[in-house]
Each structure stands twice: as structure tokens, then as C-alpha cells.
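Enquirer: Build the 3D model from these lines:
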Amino acid sequence: MAASAMRAQTFNVIHQFSFGPAGSNPYTGVTIDARGRLYGTTGSGGVDGYYCDYGCGVLYRLEQHGSGWIYTPLYAFRGPTGDGDGPNSRPVFAPNGILYGTTGSGGMDFCEGPGCGIAYSARPPATACTTALCVWQESAIYSFGNDYGGPSNGALVFDAYGNIYGTAVGGGLGDTGGTVYEMTLSNGQWVYSNLYTFPFAGSDGSFPEGGVIFDRAGNLYGTTSEGGNTGCSEDRGCGTVFELSPRVSGWTETVLYAFQGGADGEGPIGGLIMDSGGNLYGTTVEGGQNGGGTVFELSPSRSNWNFNLLYSLSKTGGYPQGPTGSLAMDSAGNLYGTTANGGLYGYGAIFKLSPSAGGWTYISLHDFTYGNDGGIPIGDVTLDGNGNLYGTASNGGANGCQPVTDGCGVVWEITP
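Expert: Residues are numbered from 1 along each chain as shown. Purely as a prediction, here's the structure:
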């Protein structure tokens, strides 16, 4: 697990957020469409209101034009009374071309705090735009309100039929440890159902914060940030990796790995990715040999899964230390990710892990300074077909932000 300071790629800030109606503080990563345009959200900015003193967040698009990028706000969230507040997951395209995502608060009946939030859809207006600023149509397709928790930070996923799958955490009925849910379209309405409910601090995991992914057989995989090993140093366990398999009688949950809180790490907040061989890759936000979290692999072996520690990240800066978003993998098998804090200056880093000589080499692509380059990247990273890497930093940047002046965040690009 050698470390390298080489920077073979170029870091560029392609958008600086400012406090105001165009949005500020991106807490999610970006999604790329077939034309190379980027879509993302901000956690604040946009429309002020009684429940959104600094704006409820914005859905935006970035489109490359010549050597620069054009930023367009598509929709400003408006908080409670049916709309969302604080979009908390990366917006993703469904098979029908419509964008879907979630917010961490807002919804029906002025719901605020844990257990609240909505799932939403967004699409261009039905008629062609005649002005540069084109407001999209947003619809709350489900309001979590008084259910089994609010939507997690993980991006939604879709099956071949267009059904939506995600995870929920916090609050809700029965003081549960969160759920994996499905939404199906019936007579023009989205119908919500729980596929699996995690107990609070249970041995099979609690608080699935990173969403789920599918394999080719239709099984779902995800992580829980707590629960699992009862002997862990954390009061409620150090987290798990789980599988949900469809059965005639319902979905069956299996713990593939329970973190021990030692060299393997603890607190997997980010989601998983899967390679063509069915191997799973993920991260923990703390623990490991160096205290800054870990990058791991789970490989299937007959009826078992083998845990492989790929790299232990160093501890610098505040909490959370390690990656909180999902990794990305290129065609050569290299892994890319960010640390929320950590890095050379303690404000986060973008890294690449390359397989070499039976191990993995860490390459720092950029260490955030909390200056014009931003700081504290907490969302997913995304690769395009040309090997360009994209993501966001939630704070820092060239523009001051209210009520404090530590920057409204940036969107960044790393080119080969």
C-alpha cells in the first residue's frame, strides 16, 4: 500500500458558487448525460423562506462551451408544504430520461428534520424555452413525513422496469435503524413499499446512508454506517456491508461483512460500486491503520465473501475524515475518490488508487486548501467516457458565503 505524491492529471475549478438565488454549498456530486452536461444540486441558496433562511437549494446544470462552462439553475426548491428542502442525493436519470433525486428535509405538513424529506422528479418544461433561464418542472413523487425515516444521501437506482430503489435513515415510526425501499408507478402515482427494515443497533446493520446498487441477478447491495459487530468500540457497532436477495416471500437480507473497528475501518457512509467480476468496492469514514478511514474490496468466493483491505488513509483535519461519497472505477481498474477532510492541508483530497505488484498505490490528484479551490468534498465522484473526473467541494471557493464567509463551494474537474 505505497503512497505517491504524483499528480499526472490537471485540477480545474469549473464553477464557483456564490450566495444567492443561483445556489450555494453543493453537498452532492454530479451526474453526466449523453451530451456531457453535468447535473447537480446545492444544499442552500435559491428561494428564501420561513423554513429556508438561506435558500432551500437548487437543481443546476453545467454545459461546456468552448474552454469554459455555462452554469444554469434549473429549479429552486421551496421547502415544506409539499416541496423539498436541502437536496441530499446526486440527481440521476431514469431509463425514461427524467431526473430523480431526494431532499433531506421538507415535504408535506411542514415536515422538518430527521425522518422528513421527499423523492422528486424533474424534467424540462413541456414547451420550448424562449429565454436563457429555463425553469424545469419539479414534482414531489413521495413525501417521507411519518414513515420509517427520511431519504439517505445515496443516489437512487432503477431496475429494468423503471422502479426506484433507495435507502432511508433516521426518525420515523418504531425508532428503526432505517430501511431499503422501492417505489413503483401505478395509475400515474408512485407507490412506496419497504423491502427491508433494519433494527436500531442490530447485528445486521443500522443506518444505510449510502444507497444501494444492483447486480446482474437483481440482488441489491449496500452499507450501513452502524450496527453489526457487537464487540466494536462504537456503542452501536461499526457498520456492515449487506445484500438483499429477492425471494417469492419477500427480500432476504444477508450480512456480507461486519466491520471490526480496527485495521479494516469503521463507519461506511458512502455507497458501493461493483466491477465486471462482481467484486464490491467501498470505503469507511474513519478507523484503519492510520485513523483516516479505509478503501476496501469484497470478493465473492462460492458462498462466502472475502474482505480485502486496499488502503488505509491518513488522519488530518476534522471529522468526517475519510470518503463519504461513492468511488468511481476506470476501464483499467483504477479507483477514484475523495476524502471529506484529510489530505495534505486537512480540508479533503482527491485520490487515485492504482493496482500494482499485488498491492495498491495511492496517488494524490489534489489536496484542497479551502481557498479558491474549495474544501470538504462530501459527494460522489463521476468519470466520463474520456477519463475526466468530476465532483464538488461543499465549502471554500473564491466567493464568500452567508452567514459565514468561508466560501460557497465549487464544482471541479480533473483531466488526464
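Enquirer: immediately after the helix or strand harbouring residue 193, which helix or strand?
Expert: Taking DSSP states H and E as the criterion, residue 193 maps to strand 189-197. Next along the chain after strand 189-197, taking DSSP H and E as the criterion, comes strand 212-214.
Enquirer: in that following strand, what counts as buried?
Expert: Residues 212-213 are the ones in strand 212-214 that count as buried (16 or more other CB atoms under 10 Å). (Glycine included, C-beta is placed from N, CA and C.)
Enquirer: Please look at residue 94 and residue 162 and confirm they touch.
Expert: Yes - using CB atoms under 8 Å, residue 94 is in contact with residue 162, at 5.9 Å.
Enquirer: mind showing which ranges of the stretch 151-300 of the chain have poor pLDDT?
Expert: 171-175, 231, 233-234 (pLDDT under 70).
Enquirer: count of residues packed around residue 230?
Expert: Neighbourhood size, residue 230 [other CB atoms under 10 Å]: 11.
Enquirer: Now for residue 56: which residues touch it?
Expert: 44, 46-47, 49, 76-79, 83-86, 106 (CB atoms under 8 Å, 6 or more residues apart in numbering).
Enquirer: Can you give me the distance of it to residue 376?
Expert: Distance, residue 56 to residue 376, by CB to CB, to the nearest Å: 21 Å.
Enquirer: so how far is the strand holding residue 193 off the chain centroid?
Expert: 21 Å (CA atoms, centre = their mean, to the nearest Å).
Enquirer: by contact count, what packs against it?
Expert: Using 3 or more CB pairs under 8 Å, 6 or more residues apart in numbering; DSSP states H and E, the elements in contact with strand 189-197 are strand 137-143, strand 179-186, strand 250-258.
Enquirer: just to revisit the earlier point, which among the contacts of residue 56 gets closest to residue 151?
Expert: Nearest to residue 151 out of those is residue 84 (CB to CB; 9.4 Å).
Enquirer: related to what we said a few turns ago, include distance to residue 278 and mean neighbour count when you put the helices and strands packed on strand 189-197 into JSON lines, please.
Expert: JSON lines is the format used below for the helices and strands packed on strand 189-197 (distance: least, CB to CB, whole Å; neighbours: other CB atoms under 10 Å):
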{"stretch": "strand 137-143", "distance to residue 278": "31", "mean neighbour count": "19"}
{"stretch": "strand 179-186", "distance to residue 278": "20", "mean neighbour count": "18"}
{"stretch": "strand 250-258", "distance to residue 278": "12", "mean neighbour count": "17"}
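Enquirer: Which among these is found nearest to residue 407?
Expert: strand 137-143 (27.1 Å).
Enquirer: Pull the residues that contact the next helix or strand after the closest one.
Expert: Moving toward the C-terminus from strand 137-143, the first helix or strand encountered (DSSP H and E) is strand 150-151. When contacts are defined by CB under 8 Å, 6+ apart, strand 150-151 is touched by residues 88-89, 102-105, 114-119, 144, 166-172.
Enquirer: which element is the residue nearest to residue 300 when sequence neighbours are not counted on?
Expert: Of all residues not flanking residue 300 in the chain, residue 278 sits nearest, at 5.4 Å (CB to CB, 6 or more residues apart in numbering). For residue 278, there is no helix or strand it lies in under DSSP H and E.
Enquirer: burial measure for residue 278, as a count.
Expert: The burial count for residue 278: 13, using other CB under 10 Å.
Enquirer: do the same with the one 5 residues further on
Expert: Applying the criterion other CB under 10 Å, we find 31 residues in the vicinity of residue 283.
Enquirer: just how off-centre is the helix or strand harbouring it within its chain?
Expert: Assessed by DSSP H and E, residue 283 sits inside strand 280-284. Remark: strand 280-284 is offset 13 Å from the chain centroid, using CA atoms, centre = their mean.
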